[in-house]
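>>> what's the 3D shape of this:
(chains A, B and C)
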Amino acid sequence: MQERNDMTMQTKLLAWYEANARKLAFRQNRNPYFIWISEIMAQQTRIEAMLPYFENFIRLYPDLPSLAQADDESLHKAWEGLGYYSRCRNLKKCAIECVERFDGRLPSTKAELKTLPGIGDYTAGAIASIAFGEKVSAIDGNVVRVFSRLYDVRADVTKAATKKQIARLVDDSLCEPIEAYNQALMELGAMVCTPKNPKCDQCPVAAWCQTDEPETLPVKPEKKARRVERKHVYVWTDGKGFHMNRRPKTGLLANLYEFDETMPDEVVRTEPLAPYTHIFSHVEWQMDATLVFVKEDAGFYSVDQIENELALPSAFAPFFEEAREKIDEDVENEKE
DNA sequence: AAGTCGGGGAC
DNA sequence: GTCCCAGACTT
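Predicted structure coming up:
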């Protein structure tokens, strides 16, 4: 075990963080609104993936009151491709509640934040500590991994008792400045104490780490096989635009747009589209698709509308891309 | 306690 | 292919 040099784990970690933290846009200030948006976007999402969404989102909705009045269609469009779409609906709900309950601002304590939609234990702790300096924990997947290794916790971390055990360990470790400490733990997990091939030789707190098998931690239950669903997608086109339907307002891809799953009544001709399999966390869609030409219809959405206004899930994007190429070819052929 | 809810990057 | 990500919510 390496020499601790009388320094505390916290001191070493904070020094490491100061020197090595990624310079992230939403860390440039402590605007609670920005912290909140970035934390919601970061849920189950890699930081690099949400960064461009964050920039676009705060441009569209620069403050909490503007978000409270957001148009639902535009809101979903701003979230298109990011996944877990209930997050953006809860954002607006939360903004409205803050206007009604907290004078148009986010509350400053973890306890109050947890009462708001979309804000659970982690996010409440993150906002309270990072934006407001409250000395509370913010335990995300990174922190669970870091502490399961630091204390060689070999119990299933998805169990309530293990969560409580780790929460206790984290709580006992908290120090000031809390906003730096909480972020340092997460940064360590993201950059050094990684799920695979952890860089223990570069770890600032290796001297305090009790495990000799970091790659086996944290322990989680085996994942169950995802179910497979077969679908046939019919992309109706009038040669200019496409017919699309809004999905139900609950369930998978709620409120987003999709193509049809049935043939229209009157068909001019059809063309096959490339099959595509889309993998979700717990379900797999194996899709065949057909482009169906129908007579001109004023009710169809233009390519421009679909691109700029409708939230189209990634699961259907390949069909849209191929179909628009085919109708472009069609226009070229007619010119000849 | 278990299931639902997206998408993609790293391996 | 697998894993899992600055998780929250419903059942």
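>>> ok, and the closest non-adjacent residue to residue A:90?
residue A:118 (3.0 Å; Cβ to Cβ, 6 or more residues apart in numbering). Every residue, glycine included, has its C-beta placed from N, CA and C.
>>> tell me the SS of that neighbour?
Here residue A:118 is recorded as coil under DSSP: H, G, I helix; E, B strand; the rest coil.
>>> count of neighbours near it?
Summarising burial for residue A:118: neighbours were counted as other Cβ atoms under 10 Å, giving 18.
>>> that one and residue A:96 touch, don't they?
No: contact criterion Cβ atoms under 8 Å: residue A:118 and residue A:96 do not qualify, at 11.9 Å.
>>> quick one on the thing from earlier: for the residue nearest to residue A:90, give me its contacts.
A:40, A:86, A:87, A:90, A:91, A:93, A:94 (Cβ atoms under 8 Å, 6 or more residues apart in numbering).
>>> would you check which of the residues you listed are in contact with DNA strand C?
Among these, the residues that sit close to DNA strand C (Cβ under 7 Å from any atom of the strand) are A:86, A:90.
>>> narrow the contacts of residue A:118 to those in helices?
A:40, A:86, A:87, A:90, A:91, A:93, A:94 (DSSP state H).
>>> out of those, which end up buried?
With neighbours counted by 16 or more other Cβ atoms under 10 Å, these contain buried members at A:40, A:87, A:90, A:91, A:94.
>>> which two among those residues are spaced furthest apart?
A:87 and A:94 (10.1 Å; Cβ to Cβ).
>>> how about the residues of chain A by DNA strand C?
Residues of chain A lying close to DNA strand C (Cβ under 7 Å from any atom of the strand) are A:24, A:27, A:39, A:42-47, A:84, A:86, A:90, A:117-124, A:126, A:140-142, A:145, A:183, A:186-187, A:189-190, A:195, A:220, A:223, A:281.
>>> who's in contact with the residue nearest to residue A:170 when sequence neighbours are not counted?
Distances taken as Cβ to Cβ, 6+ apart place residue A:137 nearest to residue A:170, at 4.7 Å, with adjacent residues excluded. Residue A:137 makes contact with A:125, A:129, A:143, A:167, A:170, A:171, A:174, A:182 under the criterion Cβ under 8 Å, 6+ apart.
>>> returning to what we had before: DNA strand B: which of the buried ones among the ones in helices among the contacts of residue A:118 is nearest?
Nearest to DNA strand B, judged by Cβ to the nearest atom of the strand, of those is residue A:87 at 8.1 Å.
>>> touching, that closest one and residue A:79? I think so.
Yes: here residue A:87 reaches residue A:79: they are 7.2 Å apart, a contact under Cβ under 8 Å.
>>> re earlier: just the ones of the residues of chain A next to DNA strand C in helices?
A:39, A:42, A:47, A:86, A:90, A:121-124, A:126, A:141-142, A:145, A:183, A:186-187, A:189-190.
>>> buried subset of those, written for ChimeraX?
Only the buried entries of those go into this ChimeraX selection, using 16+ other Cβ under 10 Å:
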select /A:39,42,47,90,121,122,123,124,126,142,145,183,186,187,189,190
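>>> list the contacts for residue A:102?
Going by Cβ under 8 Å, 6+ apart, the list of residues near residue A:102 reads residue A:112.
>>> give me the pLDDT for it.
Predicted confidence (pLDDT) for residue A:102: 97.
>>> residue A:316 too?
Per-residue confidence (pLDDT) for residue A:316: 98.
>>> show me what contacts it?
A:233, A:257, A:258, A:259.
>>> residue contacts, the residue in the stretch 51-200 of chain A that DNA strand B sits nearest to?
Relative to DNA strand B, the nearest point of the stretch 51-200 of chain A is residue A:83 (2.6 Å; Cβ to the nearest atom of the strand). Residue A:83 sits next to A:44, A:45 when contact means Cβ under 8 Å, 6+ apart.
>>> mind checking pLDDT for the closest residue to DNA strand C within the stretch 201-336 of chain A?
Residue nearest to DNA strand C within the stretch 201-336 of chain A (Cβ to the nearest atom of the strand): residue A:223, separated by 4.8 Å. If you check residue A:223, the pLDDT there is 89.
>>> what about it, neighbour count?
A count of nearby residues for residue A:223, using other Cβ under 10 Å, gives 8.
>>> against DNA strand B, how distant is it?
9 Å (Cβ to the nearest atom of the strand, to the nearest Å).
>>> residue A:246 too?
With distances taken as Cβ to the nearest atom of the strand, residue A:246 is found 13 Å from DNA strand B.
>>> please name the nearest non-neighbouring residue to that residue.
residue A:257 (5.9 Å).
>>> ramachandran angles for that neighbour?
phi -100, psi 150 (degrees, to the nearest 10).
>>> give me the number of residues near it?
Other residues close to residue A:257 by other Cβ under 10 Å number 23.
>>> packing partners of the helix or strand harbouring residue A:180?
Here residue A:180 is covered by helix A:178-191, with elements defined by DSSP states H and E. Helix A:178-191 is packed against helix A:9-20, helix A:121-132, helix A:141-150, with contacts defined by 3 or more Cβ pairs under 8 Å, 6 or more residues apart in numbering; DSSP states H and E.
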